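In: Just a sequence and a predicted model for now, questions to come.
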Amino acid sequence: MLDRPWHMVWLAAVLAHAVGSARARISTTIRAGMRSGIRTHHAGDTCAAARRITVLLLLGATSAAQGTEALTLAEAQRIAENRAPQLTAAHAQESAARDMAAAAGQLPPPVLKFGVNNVPVSGEMAWSLTRDGMTMRQIGLMQELTRGGKRQAQVERALGEAGLAQAARRQALADARRDSALAWLDLSYLESMRQLVSAQLDELRLQQQATEAAFRSGRGPQADMLANELATARTRDQLAQMQRDIAMARIRLARWIGDEAQRPVASPPAAQGLNWQTDGRDDGLDAHPALATQLGMVNLAEAEARLARERRTPDMAIEVMYSQRGSDYADMVSVNISLPLPWDRANRQDRELAASLARVDAARAAREDMHRAYRAEVRERFAAWQADRERLARYDAELVPLAAAQVDAALAAYRAGTGMLDRVLEARRMQLDTRMERQRVALEAARGWAQINFLNPQDGNSAVDGAQP
């Protein structure tokens, strides 16, 4: 029973209560019928029908409780990865860049040329293709011979774009895992806090019955009854606020996993560590997607600078042409070589190279700034996470037990007639506040863990290998 989702257990309890109430009403009707002289065999049929309804309703409640399993953190992250369109887009971009790298190393396609030259338009040989010795029917091929260094530079630039796309894909993966984990943790801890408030409300309702009975019998003042009623109303309002926060948390989780967010969530995982090591050193930070993206931008800028340097030297093209003349004249073959002249190189090619080198400097400076900021952010988050874990341990070891002991002492004094109900209500309120604050600290620790743990996603390892606070 403890492993079932809370709301399914509640559903079974409500159905059982409803069935019990129906059976009680049927029994009342039967007794009334017997007092009025009605024959009882109809009552027996009614009881049998009630038993059948009871069995059917309880079976339905049990199957509903077993049919919906609790959503775990690892499952939520896997669903988020499978549904994330940005991962599909980044993967397609990476594949496109690698295909472009393969094409960039090839020579451009040859050019087919054909035509007719020197066709007379007047005189006796007008529009003849064979009678004039200068008329030629030509066909040929022209090939641009791109230098190997330039083609290699083109390949490196395309590979730089592929590396940048790969870093973007890993960054999208990190974002999907981190944000879906944060949304799941918010919902899970809010559900646990709602259970605390519900339990407190149940205790207040029981106490309300006791204070009302004491007031009616003259053994208790009306002030105690009103004070407990006020505490109950305030707790109901707090429960309504928790329900609102839970609904908003489900909406945030649905952004990543869709309709699966309507499933009950599992309890927060136990204390866990990180799936990567951080001890103040910067050895592994360059592998993180955020910094890998900056490194990819530097590599791409350097590749473009090498390509700009190669473009300073022009590529030549060679052309082979076969010319056919009339039958009375010999055919001819032509070979032509073309070479662009780098006219005004200082204001064209050199300016392009200077601009590319400037972009390299800008990319390196941006990467260094990003590295410093990222290193400080990681250290700050790690320190905050460690502090939250220490606070959580202090709550578990000191504050929560003290709050429970205070409630026990106040209740013992009240039952002995030496304490006031106000002290009991105040102690219970402090206990609820302490346990709620403990859950808030646990949530902050869990969020800090998620923000650190999924900075550097490991492919094929979606969730809690090391796990959480």
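Out: Happy to help now that I have it.
In: Near the nearest residue to residue 268 once chain neighbours are set aside, how many other residues are there?
Out: Counting by CB to CB, 6 or more residues apart in numbering, residue 268 lies nearest to residue 188, which is 4.9 Å off, once chain neighbours are set aside. Backbone N, C-alpha and C define where each C-beta goes, glycine included. Number of residues near residue 188 (other CB atoms under 10 Å) recorded here: 25.
In: Can I get stretch 381-398 in PDB, CA atoms only?
Out: The C-alpha coordinates for stretch 381-398 follow below in PDB (Å, rounded to 0.1, in the frame of the first residue of the first chain):
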ATOM      1  CA  ARG A 381      26.600  26.700  -7.400                       C
ATOM      2  CA  PHE A 382      28.800  24.000  -5.800                       C
ATOM      3  CA  ALA A 383      29.200  26.100  -2.700                       C
ATOM      4  CA  ALA A 384      25.500  26.800  -2.500                       C
ATOM      5  CA  TRP A 385      24.700  23.100  -2.900                       C
ATOM      6  CA  GLN A 386      27.100  22.100  -0.200                       C
ATOM      7  CA  ALA A 387      25.600  24.800   2.200                       C
ATOM      8  CA  ASP A 388      22.100  23.500   1.400                       C
ATOM      9  CA  ARG A 389      23.100  20.000   2.200                       C
ATOM     10  CA  GLU A 390      24.600  21.100   5.500                       C
ATOM     11  CA  ARG A 391      21.300  22.900   6.300                       C
ATOM     12  CA  LEU A 392      19.300  19.800   5.400                       C
ATOM     13  CA  ALA A 393      21.400  17.700   7.700                       C
ATOM     14  CA  ARG A 394      20.900  20.200  10.500                       C
ATOM     15  CA  TYR A 395      17.100  20.100  10.000                       C
ATOM     16  CA  ASP A 396      17.000  16.300  10.100                       C
ATOM     17  CA  ALA A 397      19.300  16.100  13.200                       C
ATOM     18  CA  GLU A 398      18.100  19.000  15.300                       C
END
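In: does the residue nearest to residue 268 really touch residue 265, like I thought?
Out: Yes: in this structure, residue 188 is within contact of residue 265 by CB atoms under 8 Å, at 4.7 Å.
In: contacting residues around residue 312?
Out: Taking CB atoms under 8 Å, 6 or more residues apart in numbering, we find residue 312 in contact with 342, 345, 349, 350, 353.
In: same question but for residue 103, I mixed them up
Out: residue 158.
In: re the thing from before, just put the contacts of residue 312 in CSV and tack on neighbour count, distance to residue 418 and secondary structure.
Out: Below are the contacts of residue 312 laid out as CSV (neighbours: other CB atoms under 10 Å; distance: CB to CB, whole Å; DSSP: H, G, I helix; E, B strand; the rest coil):
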residue, neighbour count, distance to residue 418, secondary structure
342, 14, 103, coil
345, 12, 101, helix
349, 18, 97, helix
350, 14, 96, helix
353, 19, 92, helix
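In: Of those residues, which pair is most distant in space?
Out: 342 and 353 (12.1 Å; CB to CB).
In: returning to what we had before: please, which helix or strand holds the residue nearest to residue 268?
Out: Here residue 188 is covered by helix 148-216, with elements defined by DSSP states H and E.
In: how far does that helix sit from the chain's center?
Out: Between the centre of helix 148-216 and the centre of its chain there are 7 Å (CA atoms, centre = their mean, to the nearest Å).
In: distance of the residue nearest to residue 402 when sequence neighbours are not counted from residue 122?
Out: Nearest in space to residue 402, with sequence neighbours left out and distances taken as CB to CB, 6+ apart, is residue 434 at 8.0 Å. According to CB to CB, to the nearest Å, residue 434 and residue 122 sit 110 Å apart.
In: likewise residue 317?
Out: Distance, residue 317 to residue 122, using CB to CB: 36 Å.
In: Those two: who's more crowded?
Out: When residue 317 and residue 122 are compared for neighbours, residue 317 comes out ahead with 18 against 7, by other CB under 10 Å.
In: which SS class is the more buried one?
Out: Assigned with DSSP: H, G, I helix; E, B strand; the rest coil, residue 317 falls in the strand class.
In: That one against residue 142, yeah?
Out: Yes: counting by CB under 8 Å, residue 317 touches residue 142, with 5.9 Å between them.
In: now the helices for the stretch 301-450 of the chain?
Out: Under the criterion DSSP state H, counting those that start in this stretch, helices of the stretch 301-450 of the chain are mapped to 349-394, 400-415, 421-453.
In: nearest to residue 68, of these?
Out: Across the helices of the stretch 301-450 of the chain, residue 68 has its closest neighbour in helix 421-453 (23.7 Å, CB to CB).
In: just to revisit the earlier point, could you point out the helix or strand that follows the helix holding residue 188?
Out: Note on helix 148-216: by DSSP H and E, the next helix or strand toward the C-terminus is helix 222-257.
In: That following helix vs helix 148-216, what angle?
Out: Put simply, helix 222-257 runs at 160 degrees to helix 148-216, going by axes from the mean of the first three to the mean of the last three CA atoms, to 10 degrees.
In: Just the buried positions in helix 222-257, please.
Out: Neighbour-count burial for helix 222-257, counted by 16 or more other CB atoms under 10 Å, picks out 224-225, 227-228, 231-232, 235, 238-239, 242, 246, 249-250, 252-253, 256-257.
In: and that helix, what does it pack onto?
Out: If contacts are counted by 3 or more CB pairs under 8 Å, 6 or more residues apart in numbering; DSSP states H and E, helix 222-257 sits against helix 73-83, helix 148-216, helix 421-453.
In: List of residues touching the shortest one?
Out: Right, helix 73-83. With contacts defined as CB under 8 Å, 6+ apart, helix 73-83 is touched by 87, 173, 176-177, 179-181, 183-185, 188, 253, 256-258, 260, 266, 269, 462-464.
In: can you pull the buried residues of it?
Out: Buried positions in helix 73-83, judged by neighbour count with 16+ other CB under 10 Å: 73, 74, 75, 76, 77, 78, 79, 80, 81, 83.
In: With respect to residue 155, which of these is nearest?
Out: Here the nearest of those to residue 155, counting by CB to CB, is residue 81; it sits at 31.5 Å.
In: Model confidence for that closest one, exactly?
Out: The model reports residue 81 with a pLDDT of 90.
In: go on, residue 62?
Out: What the model reports for residue 62 is a pLDDT of 42.
In: same thing with residue 127?
Out: pLDDT for residue 127: 87.
In: The residue nearest the centre of the chain: what's it in contact with?
Out: Most central residue of the chain, judged by C-alpha distance to the mean C-alpha position with CA atoms, centre = their mean, is residue 176 at 2.4 Å. Shown in contact with residue 176 (CB under 8 Å, 6+ apart): 77, 80, 81, 84, 86, 87, 256.
In: switch the cut-off to 6 Å
Out: Taking CB atoms under 6 Å, 6 or more residues apart in numbering as the criterion, residue 176 is in contact with 80, 81, 84.
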